[in-house]
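*Asks:* next input, structure requested:
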Amino acid sequence: MSLEQKEKLLQLKAVQQQKIKDKKVSDAKSFIADNIDNFNSKYRFANQDETSQISQILILNGVSYLNYKTSDYSELAVSADIDAQKVWICILSGSEEMLNIFVLGNLSDFLADCDDWDFISSNIVLVNEEISGIITFSNGEFQVKNYDT
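*Replies:* Residues are numbered from 1 along each chain as shown. Below you'll find the predicted structure:
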């Protein structure tokens with residue numbers, strides 16, 4: 001096999017691997033959307049830039065996939081204070097593709113769909129809409145732990 005043929009084969013292999021990865025991500029997104037009622041009217045997936053920013057915030061906060069203890073969101077009651085608050089829903093366990101999918105939605109919708117989200121992953125952390133910090137809960141109140149990126 002000539003050097004040109006080897007290079008062409010490596011390029012084709014890289015393209016094929018990217019197609020497989022894209023298909024797995026698409027399947028994971030479909031799984032999420034299929035398991036949340038009215039997903040498309042309440043939520044949206046992060047674009048590539050948002051995904052990068054959210055990943056950076058998780059790293060800055062020391063969030064380790066599979067090892068981060070998340071809050072029990074079912075304990076938080078919806079109030080006027082949080083009704084319109086938008087959050088990024090970050091899945092911290094599951095397939096590699098799931099770990100890089102982030103979803104934006106109203107906190108009140110997330111709380112209403114908490115059982116469905118728990119089915120998708122019992123290990124979830126929330127990031128504020130501005131992607132500047134992790135949302136934490138204590139004594140029934142939420143606060144944002146901000147970090148400069």
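
*Asks:* neighbours around M1, how many?
*Replies:* Burial measure for M1: 7 neighbouring residues, criterion other C-beta atoms under 10 Å. For every residue, glycine as well, the C-beta is placed using N, CA and C.

*Asks:* so what's it up against?
*Replies:* Applying C-beta atoms under 8 Å, 6 or more residues apart in numbering, we find M1 in contact with L9.

*Asks:* and if you look at the one 5 residues further on?
*Replies:* Residues in contact with K6 (C-beta under 8 Å, 6+ apart): none are found.

*Asks:* ok but it is inside a strand, no?
*Replies:* No: residue state for K6 (DSSP: H, G, I helix; E, B strand; the rest coil) corresponds to helix; a strand is not indicated.

*Asks:* measure E129 to E50 for me?
*Replies:* For E129, the distance to E50 (C-beta to C-beta, to the nearest Å) stands at 10 Å.

*Asks:* now do the shared contacts for the two.
*Replies:* Common neighbours of E129 and E50 (C-beta under 8 Å, 6+ apart) are 88, 104.

*Asks:* separation between the spatially most central residue of the chain and Q53?
*Replies:* Geometric centre of the chain, nearest residue: F102, 2.5 Å, by C-alpha atoms, centre = their mean. In this view, F102 and Q53 are 9 Å apart by C-beta to C-beta.
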